[in-house]
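[1] predicted coordinates and the sequence they were generated for:
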Amino acid sequence: MPESKSESNQQDLIENEIRWQGENEVANHLALLGFHRYITYEDHHAFILSEAAVNEDSSLFASHVLLAFLGKGDRREYHRKMASQFVQGENRTSRLFVSLLDFDDINDSLRTERKRIWTEMHEISNDPFIHYMYIRHMNGTNAEKIRELEKLIKFCTENDYNYTATAANNMMGYLHMREGNLNAGVKAIEECLKLHPGGYNPLDSRAEFYLFQGDTAEAIQTYQKVLERYPYAEYAISKLDELQRDL
């Protein structure tokens, strides 16, 4: 579903956003669902939904970008070409988004170019997804990133960008943990569960934080909940097997 019931109001808030939608309502719906799942690190669903979107409307360049991010080999190259073809004539932010496909871990091992692109996108757009990706690529200390995330979460909370807020709180949780503030980290992950209660990644992160807290029993129960909803979740399968072996 859209980020919130006030999606039309949200669109009025954002300047120079990436254009995710076209003329086909079914394709638009699928594209937004795929986009939301991509934000929350639920790549399996993001891939399936984005692929369904471009099958309905092949001109959805932003969904092609996600499919290229998530794909490999010939499929990645196919979606890169499709994104490049259909972004022609779009705004600067959309063209920059597609240009990310020119760089990967092989030819941009230090993420220098990707950082430059997300920075430029952030300078010309207040899109919360762009802000989040800018934070992921920014230099700086954990504390500096936390302060930037706090600004993003405030904006998302005030304007019902629940999926981006989920991702931001998830990142916040791990940064707090790395700073030695486990209680603040748990609080951020719990917020993810409130914002995206049906999702895979918030549960998976909560299980991991139970392990950080030394509560193996709760971690096992939570990984079991993950697999009840998402039986194909490979990381949860392997982690649960490891924990149960060590009992």
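    Noted; the coordinates are in hand.

[2] shaky segments in the protein?
    Low-confidence segments of the chain (pLDDT under 70): 1-11.

[3] residue closest to the middle of it?
    Ile39 (1.8 Å; CA atoms, centre = their mean).

[4] now it: how far from Tyr200?
    13 Å (CB to CB, to the nearest Å). The C-beta positions use only the backbone N, C-alpha and C, and glycine is treated the same way.

[5] go on, Arg37?
    Taking CB to CB, one finds Arg37 at 9 Å from Tyr200.

[6] do Tyr132 as well
    Tyr132 is 18 Å from Tyr200, by CB to CB.

[7] same thing with Arg136?
    Look at Arg136 and Tyr200: by CB to CB, they are 19 Å apart.

[8] quick one: which of the two has more around it?
    Taking other CB atoms under 10 Å, Arg136 and Tyr200 do not tie; Tyr200 has more neighbours (23 against 16).

[9] that one contacts Tyr230, correct?
    Yes: contact status for Tyr200 versus Tyr230: in contact at 4.8 Å, counting by CB atoms under 8 Å.

[10] which residues are in contact with both of the two?
    Overlap of the contact sets of Tyr200 and Tyr230 (by CB atoms under 8 Å, 6 or more residues apart in numbering) is empty.

[11] got the phi and psi for Met138?
    Here is the backbone geometry of Met138 (degrees, to the nearest 10): phi -70, psi 150.

[12] repeat for Asp108
    Backbone geometry at Asp108, expressed as degrees, to the nearest 10, gives phi -150, psi 60.

[13] quick check: it vs Ala219, distance?
    35 Å.

[14] quick revisit: give me the common contacts of Arg37 and Tyr200.
    What both Arg37 and Tyr200 touch, as defined by CB under 8 Å, 6+ apart, is the set His45.

[15] list the contacts of the residue nearest to the centre of the chain.
    129, 132, 163-164, 166-167.

[16] so Leu243 touches Thr222, yeah?
    No: at 10.5 Å, Leu243 does not count as touching Thr222 under the criterion of CB under 8 Å.

[17] who has more neighbours, these two?
    Thr222 (21 against 16).

[18] which of the helices or strands spans Gly89?
    Using DSSP states H and E, Gly89 sits in no helix or strand.

[19] number of nearby residues for it?
    Neighbours of Gly89 (other CB under 10 Å): 7.

[20] same thing with Glu158?
    Neighbourhood size, Glu158 [other CB under 10 Å]: 9.

[21] gap between it and Tyr230?
    Counting by CB to CB - Glu158 and Tyr230 are separated by 31 Å.

[22] same check, this time on Tyr210
    Tyr210 sits 18 Å away from Tyr230, going by CB to CB.

[23] many thanks, we can stop here.
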